[in-house]
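Q: no FASTA, just this:
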């Protein structure tokens with residue numbers, strides 16, 4: 001297939017790009033890495049009259065200030081995978097990006113473009129929810145901060161206004177006694193995720209009691225989703241057996257806990273029960289719910305083990 005004809009403009013700054021986008025209205029699209037837009041152009045699923053290239057708008061590198069990892073929107077997936085600051089302060093994201101596409105996609109795709117595209121199978125979007133990330137969006141009226149939990153609306157739809165462009169992704173830096181895990185099932189390497197799970201768990205000062213947990217999922221709805229806190233109540237307050245997770249067992253842990261009960265599996269079952277994934281050519285909804293149960297329990301156990309120092 002060949003893309004339809006369009007006008008091309010390379011913006012030298014975000015302000016210029018915002019102005020061009022506002023002037024172009026519905027007929028304008030932003031080009032960052034192009035790994036989602038270009039296939040849509042070639043298949044004529046997108047027919048913009050104006051393509052605004054923002055690759056010259058920013059050349060900043062990832063940085064850490066005040067406990068926040070700041071990722072410029074044009075940060076390539078490859079940089080997320082390899083950069084020392086990302087690997088130290090958000091190892092969950094670095095691990096997840098290894099599952100994104102292939103080498104060519106990771107060399108061109110950008111963190112901001114991934115967020116703006118809002119693919120419901122997005123590994124990066126899944127991590128943004130699990131870590132409590134935020135994006136900075138710039139529009140004609142200036143900048144505003146949008147939590148990732150409010151950004152994703154539906155299939156390829158975000159809460160961004162039409163002339164807004166993501167300029168930064170802000171992720172809370174990993175804290176002491178915080179563990180993480182990313183689990184994904186695909187049919188073939190580089191395929192879109194059938195189900196992906198990102199989990200973050202925090203322990204108390206003694207590193208034996210769970211004080212906080214977040215679980216995000218991709219491939220199960222019309223957007224990446226964050227498990228409600230009520231689904232994790234049986235996990236919060238639970239203690240690790242002997243400071244580790246032998247067999248994945250958690251003791252205690254509230255109403256769904258109880259000595260000897262696998263609270264990770266119980267939380268995973270509650271999360272799966274509340275989902276209604278659609279059937280498609282890749283998998284049935286029933287299979288996806290089964291994957292949610294298995295992968296979520298696995299992710300919670302591994303996150304707890306990392307938080308307790310029992311995993312690399």
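A: Looks like it arrived, so ask away. Everything quoted here is computed from the prediction, not taken from an experiment. Residues are numbered from 1 along each chain as shown.
Q: and the helix with the most length in the chain, what does it pack against?
A: In the chain, with assignment by DSSP state H, the single longest helix is helix 285-307. Secondary-structure packing of helix 285-307 (3 or more C-beta pairs under 8 Å, 6 or more residues apart in numbering; DSSP states H and E): strand 178-185, strand 195-203, strand 210-218, helix 263-273. Bear in mind the C-beta positions are built from the backbone N, C-alpha and C, glycine included.
Q: how far off centre is the shortest one?
A: Same thing as strand 178-185. Relative to the chain's own centre, strand 178-185 is displaced by 11 Å; criterion: C-alpha atoms, centre = their mean, to the nearest Å.
Q: and the helix or strand containing residue 22, what does it pack onto?
A: Assigned by DSSP states H and E, residue 22 belongs to helix 14-24. When contacts are defined as 3+ C-beta pairs under 8 Å, 6+ apart, helix 14-24 packs onto strand 28-31, strand 50-53, strand 134-139, strand 165-172.
Q: got the buried residues for that helix?
A: Residues 14, 16, 17, 18, 20, 21, 24 are the ones in helix 14-24 that count as buried (16 or more other C-beta atoms under 10 Å).
Q: also stretch 190-198?
A: Buried, per 16+ other C-beta under 10 Å, within stretch 190-198: 192, 193, 194, 195, 196, 197, 198.
Q: again, but for stretch 269-280
A: For stretch 269-280, the neighbour count (16+ other C-beta under 10 Å) marks 269, 270, 271, 272, 275, 277 as buried.
Q: equivalent analysis for stretch 228-236, please.
A: Neighbour-count burial for stretch 228-236, counted by 16+ other C-beta under 10 Å, picks out 231, 232, 233, 234, 235, 236.
Q: state the distance from the first one to residue 302.
A: So the one you mean is residue 231. Here residue 231 is placed at a distance of 18 Å from residue 302 (C-beta to C-beta, to the nearest Å).
Q: same list, the buried residues of stretch 190-198, but as CSV with distance to residue 181 and pLDDT please.
A: Output for the buried residues of stretch 190-198, formatted as CSV (distance: C-beta to C-beta, whole Å; pLDDT from 0 to 100):
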residue, distance to residue 181, pLDDT
192, 20, 91
193, 15, 95
194, 17, 97
195, 14, 98
196, 11, 98
197, 8, 98
198, 7, 98
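Q: residue 109 against residue 76, yeah?
A: Yes - look at residue 109 against residue 76 with C-beta atoms under 8 Å: they come within range, at 6.6 Å.
Q: the two: which is more packed in?
A: It is residue 109, of residue 109 and residue 76, that has more neighbours when counted by other C-beta atoms under 10 Å, with 25 against 20.
Q: residues in contact with the more buried one?
A: By C-beta atoms under 8 Å, 6 or more residues apart in numbering, the contact set of residue 109 is 33, 35, 36, 76, 77, 100, 101.
Q: which residues touch the last one?
A: Contacts were defined as C-beta under 8 Å, 6+ apart; by that measure residue 101 touches 35, 77, 109, 190.
Q: and what about it, helix, strand or coil?
A: At residue 101 the chain is in coil, as set by DSSP: H, G, I helix; E, B strand; the rest coil.
Q: check the gap between it and residue 123 for me.
A: In terms of C-beta to C-beta, residue 101 sits 9 Å off from residue 123.
Q: where does this protein have low pLDDT?
A: Within the chain, the stretches with pLDDT under 70 are 1, 241-261, 311-312.
Q: let's verify residue 34: helix, strand, or coil?
A: Of the three states, residue 34 takes coil under three-state DSSP.
Q: what's the neighbour count on the nearest residue to residue 72 once chain neighbours are set aside?
A: Leaving aside its chain neighbours, residue 72 sits nearest to residue 60 (4.2 Å; criterion: C-beta to C-beta, 6 or more residues apart in numbering). Look at residue 60: counted by other C-beta under 10 Å, it has 13 neighbours.
Q: could you do the one 3 residues further on as well?
A: If you count neighbours by other C-beta under 10 Å, residue 63 ends up with 11.
Q: and the one 5 residues further on, by the same measure?
A: Counted with other C-beta under 10 Å, the neighbours of residue 68 add up to 15.
Q: quick one: it and residue 169 touch, right?
A: No - using C-beta under 8 Å, residue 68 is not in contact with residue 169, being 10.4 Å away.
Q: mind putting the buried residues of helix 14-24 in CSV, distance to residue 289 included?
A: CSV is the format used below for these (distance: C-beta to C-beta, whole Å):
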residue, distance to residue 289
14, 41
16, 47
17, 41
18, 42
20, 44
21, 40
24, 42
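Q: residue 236 and residue 83, how far apart?
A: Using C-beta to C-beta, residue 236 is found at 32 Å from residue 83.
Q: now residue 233
A: Counting by C-beta to C-beta - residue 233 and residue 83 are separated by 36 Å.
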